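Enquirer: here is the input, now give the coordinates:
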Amino acid sequence: MSMPLQTYIGFTDGACRNTRNISSATWVIYSPSDELVSMHGVSLSQTMNNIAEYSAVIELLSESISFGIRSLIVRLDSKLIILQLNRVYAIRNPVLLRLFLRVRLLEHEFDYIEYQHIRRSLNTLADAIASQMLSRHLQ
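Expert: Sure, this is the predicted structure:
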């Protein structure tokens with residue numbers, strides 16, 4: 001399947017501070033013309049970083065669906081999550097498997113979806129929002 005012309009770009013990031021038992025999931029959506037459409041984040045309870053990463057992807061997909069987006073490229077800096085979403089790695093953790101299956105269900109709402117790994121240095125906005133959310137809860 002080739003990428004449609006009207007493909008949106010989404011960036012996600014999950015962050016954890018285990019010493020403080022908090023985590024966050026953030027996402028950013030850009031239009032095909034590279035305009036900022038949305039940027040949001042949610043605080044999560046104590047959890048593992050991989051769960052925060054999956055939560056960010058789920059939130060991004062859910063918000064994209066609510067905006068009527070049907071074609072999306074998802075970019076994140078978690079190589080493990082990318083390899084699982086692209087079905088290169090198997091998922092043995094039952095909690096991650098449940099989140100993976102939620103992503104698969106949400107994918108049915110899209111005509112085109114692609115997952116890409118990027119370096120952390122290319123995910124600065126989502127990373128900054130995730131860190132800001134954690135810092136806000138530490139005050």
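Enquirer: quick check: which element contains the spatially most central residue of the chain?
Expert: In the chain, the C-alpha nearest the mean C-alpha coordinate belongs to Val57, at 2.8 Å (CA atoms, centre = their mean). Counting by DSSP states H and E, the secondary-structure element that holds Val57 is helix 49-66.
Enquirer: swap in Ala25?
Expert: In this structure, Ala25 sits in strand 22-30 according to DSSP H and E.
Enquirer: what ranges do the helices span in this protein?
Expert: In the chain, the helices defined using DSSP state H lie at 49-66, 79-85, 94-107, 124-138.
Enquirer: before we move on, back to that, could I get the average pLDDT for the strand holding Ala25?
Expert: Across strand 22-30, the average pLDDT comes to 88.
Enquirer: just the angle between it and helix 49-66, please?
Expert: Strand 22-30 runs at 40 degrees relative to helix 49-66, counting by axes from the mean of the first three to the mean of the last three CA atoms, to 10 degrees.
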